[in-house]
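Visitor: structure for the following, please:
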Amino acid sequence: AGYSGQTAIKTKEVVDSALGGILFVDEAYTLVNGDRDSFGKEAIDTILKMMEDYRDDLVVIFAGYKKEMSTLMQSNSGLASRFPTWLHFDDYTSKELMHIAQGMLKEAQMTFSGEAQELLFSAFEKMYAEAKQQAEAPADAPDDPSQRPSNGRAVRNLLEQMQRKQAVRLADQKGKKSMEDLTTIVEKDVAPCVSHLLP
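Guide: I've put the predicted structure just below:
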């Protein structure tokens, strides 16, 4: 929004479009950025008012990381009472992360070699252990949501890096490439992408 008051208009348009259904706000904690964020507070106030006005015609779901969502709920006295139900979803396990990676690769009509899969699984075990450690950290411990491991976005980012490594490797490889060469991520493609996770 460019000026005070415009946020309420734009927020109302979005909420109006969800009437009769669900308004899902992912990373909802980004709505308010500190005590001086008048635009974010205006958006929250508009959503709260419309939740009350249309309580029989609207479901609102705020999603985000637990710690940041707690801070958001404390930023407005009306928020916590209007969101009495909280659902917590555990981080993906290493097996689930591997399943996600295999599914994404399958969609691209690609696969992992056995060695590549073993190496990636070891990295996912480390990611899951780090995520578990962060989840058990005290509430006031410093935290950066963008650095959180063990989620689908991290898997996608890793796969994109591996596919770039594979493309470079194949471009440097002399001779004709087989279909297996073109569709298989090998250990050499995975290793540099997960080196920061493994000793």
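Visitor: quick one, helices of this protein?
Guide: 6-18, 38-53, 66-74, 77-82, 94-107, 114-135, 152-172, 179-183, 187-194 (DSSP state H).
Visitor: mean pLDDT and distance to His88 added to those, as CSV?
Guide: C-beta here means a position set from N, CA and C on the backbone, and glycine is covered the same way. Shown next, in CSV, are the helices of the chain (pLDDT from 0 to 100; distance: least, CB to CB, whole Å):
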stretch, mean pLDDT, distance to His88
helix 6-18, 91, 24
helix 38-53, 89, 22
helix 66-74, 86, 7
helix 77-82, 85, 16
helix 94-107, 96, 16
helix 114-135, 90, 9
helix 152-172, 94, 17
helix 179-183, 96, 38
helix 187-194, 96, 28
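Visitor: neighbours of the closest residue to Glu52 other than its chain neighbours, how many?
Guide: Leaving out its chain neighbours, the residue that sits closest to Glu52 by CB to CB, 6 or more residues apart in numbering is Arg82, at 7.8 Å. As a burial measure, Arg82 scores 15 neighbours (other CB atoms under 10 Å).
Visitor: closest one to Val59 among the helices of the chain?
Guide: Proximity to Val59 (CB to CB) singles out helix 6-18 among these, at 8.3 Å.
Visitor: which helices and strands sit right next to that closest one?
Guide: In terms of contacts (3 or more CB pairs under 8 Å, 6 or more residues apart in numbering; DSSP states H and E), helix 6-18 is packed against helix 38-53, strand 58-62.
Visitor: try it again at 10 Å.
Guide: Where contact means 3 or more CB pairs under 10 Å, 6 or more residues apart in numbering; DSSP states H and E, helix 6-18 is packed against strand 21-25, helix 38-53, strand 58-62.
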